[in-house]
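*Asks:* Turn this into a structure:
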Amino acid sequence: MRRQLISSTLSVVLVVVAVFGISLVIVESRTIEASAKDGVRSEAARLVGTVESRLVAGERVTPKSIGITASDDRYVRIDVPGRKPIELGEEPSSDAVTATEKGSQGEEVLVQEPRSVVRAEVVRTLMIILAVALLAVASAAILAVRQAHRVGAPLTDLAETAERLGSGDPRPRHRRYGVPELDRVADVLDSSADRIGRMLTAERRLAADASHQLRTPLTALSMRLEEIIATAEADTPEDRALVKEEATIALAQVERLTDVVQRLLTNSRDPRDGSAITFDLDEVVKQQIEEWKPAYRSEGRALVRSGKRGLHAVGTPGAVAQVLSTLIENSLMHGEGTVALRTRVTGNQAVVEVSDEGPGVDPQLGSRVFERSVSGRNSTGLGLAVARDWAEADGGRLELLQQLPPVFGLFLSRETDRS
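*Replies:* A predicted model of the protein is given here:
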């Protein structure tokens with residue numbers, strides 16, 4: 001491209017220089033020739049006047065008296081009646097610029113200038129015009145190279161930026177070049193880089209959130225299936241009823257797993273795109289206790305609930321269940337002793353508190369425990385971050401109310417009790 005810019009610029013300059021140079025040569029040649037003719041004619045008229053004034057005064061007509069000297073450029077001949085002609089200079093042997101003037105006393109003056117002198121002047125003028133033209137072309141070449149570099153370098157840089165975007169590096173470069181059109185392209189590429197970066201971040205977050213959030217219901221589901229397998233060969237009505245109950249709970253967990261997948265996909269597009277409804281908070285809490293009791297029982301621990309009953313909250317039951325499931329799983333993995341779920345009311349909000357008897361949250365972490373990739377127990381650090389996102393998407397919030405013993409609180413908008 002740089003070569004094309006230089007070639008096109010030089011082509012334009014050469015055409016302009018050629019057109020104006022040829023025109024200038026023609027004009028200057030005619031001007032020099034006209035000037036030579038005017039000079040010869042003016043010299044002849046001057047000499048006729050001088051000779052005539054000498055003749056009228058009765059003075060002798062000599063080269064000295066009329067003020068002319070020999071010249072290599074011009075030939076002068078003065079003819080006075082009855083006298084010998086006066087000649088100065090060498091008479092041209094070829095074509096010359098000639099002027100003849102006659103006076104009232106019969107005198108005649110002939111002035112000639114060789115055309116070689118005129119042609120020499122034309123050649124000198126042509127050389128000057130050619131030198132100026134060459135200087136103009138050289139200057140244009142330098143400016144063309146600089147302009148090509150000024151335009152070509154940013155284009156190369158923009159091409160590298162586009163190549164980086166295509167190779168998966170969405171970092172904007174924020175470079176500007178002082179050329180409005182190129183700066184516009186840079187703005188568009190930076191905007192595209194931002195959008196691609198956000199898309200890649202959303203995809204990575206979706207993959208990380210899905211892998212983490214699906215683990216919890218799958219763990220609970222696997223435990224339920226183990227319970228079903230353990231009682232599959234039962235013959236008593238009580239055992240068959242237990243198998244049916246476990247299968248029903250497992251089916252409910254599968255449905256919640258489907259809801260989790262749908263919710264993750266929805267959040268990857270718009271984290272605020274929810275379907276909040278008024279639901280029975282007791283049912284969600286009871287469901288979570290039933291799902292997680294086998295896991296706690298196998299660990300020799302207890303999962304209990306207390307507090308106010310009959311609360312109705314506004315939100316998405318599946319999202320609230322997932323948040324509580326994350327808190328219960330964290331207490332199972334990182335906590336100790338009995339895990340308690342307590343429901344209460346504060347203002348116009350329903351609160352579900354989840355606490356255990358473990359060592360609690362590292363004091364150095366504090367509220368940073370909700371940040372992604374922040375963990376005090378060598379875990380992924382995603383669970384609480386995703387749980388807070390889901391709570392906020394439902395119009396609620398998830399907070400660490402106490403570090404030791406650990407108490408997490410899920411705050412939800414509340415509908416007035418129906419009792």
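*Asks:* now the end-to-end length of stretch 333-347.
*Replies:* This stretch, stretch 333-347, spans 33 Å end to end (CA to CA, to the nearest Å).
*Asks:* ditto for stretch 165-174
*Replies:* 14 Å.
*Asks:* So for that stretch, mean pLDDT?
*Replies:* For stretch 165-174, the per-residue pLDDT values average out at 72.
*Asks:* swap in stretch 45-60?
*Replies:* Mean predicted confidence for stretch 45-60 is 82.
*Asks:* where's it relative to the chain centroid, distance-wise?
*Replies:* In terms of CA atoms, centre = their mean, to the nearest Å, the centre of stretch 45-60 is found 88 Å from the chain centre.
*Asks:* In that stretch, which of the residues would be classed as buried?
*Replies:* Buried residues in stretch 45-60, counting neighbours by 16 or more other CB atoms under 10 Å, are found at 46-48, 50-52, 54-55. To be clear about C-beta, it is placed using only N, CA and C from the backbone, and glycine gets the same treatment.
*Asks:* which residues are contacting it?
*Replies:* Here stretch 45-60 makes contact (CB atoms under 8 Å, 6 or more residues apart in numbering) with 61, 65-68, 76, 78, 80, 101-105, 107-109, 111.
*Asks:* Sort out for me which of the residues you listed are in helices.
*Replies:* The members of the contacts of stretch 45-60 that map onto helices under DSSP state H are 65-66.
*Asks:* returning to what we had before: output the buried residues of stretch 45-60 as JSON lines; include the columns distance to Glu399 and secondary structure.
*Replies:* As requested, these are arranged in JSON lines below (distance: CB to CB, whole Å; DSSP: H, G, I helix; E, B strand; the rest coil):
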{"residue": "Arg46", "distance to Glu399": "114", "secondary structure": "helix"}
{"residue": "Leu47", "distance to Glu399": "118", "secondary structure": "helix"}
{"residue": "Val48", "distance to Glu399": "120", "secondary structure": "helix"}
{"residue": "Thr50", "distance to Glu399": "120", "secondary structure": "helix"}
{"residue": "Val51", "distance to Glu399": "124", "secondary structure": "helix"}
{"residue": "Glu52", "distance to Glu399": "124", "secondary structure": "helix"}
{"residue": "Arg54", "distance to Glu399": "126", "secondary structure": "helix"}
{"residue": "Leu55", "distance to Glu399": "129", "secondary structure": "helix"}
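*Asks:* So which of those is the closest to Leu382?
*Replies:* Of all the buried residues of stretch 45-60, Arg46 has the smallest distance to Leu382: 109.1 Å, by CB to CB.
*Asks:* mind checking pLDDT for the residue nearest in space to the middle of the chain?
*Replies:* Closest to where the C-alpha atoms of the chain average out (CA atoms, centre = their mean) is Asp190, at 2.7 Å. Note on Asp190: pLDDT of 81.
*Asks:* Specify the residue positioned farthest from the middle of the chain.
*Replies:* In the chain, the residue that sits farthest from the middle, by CA atoms, centre = their mean, is Gly82; the gap is 98.0 Å.
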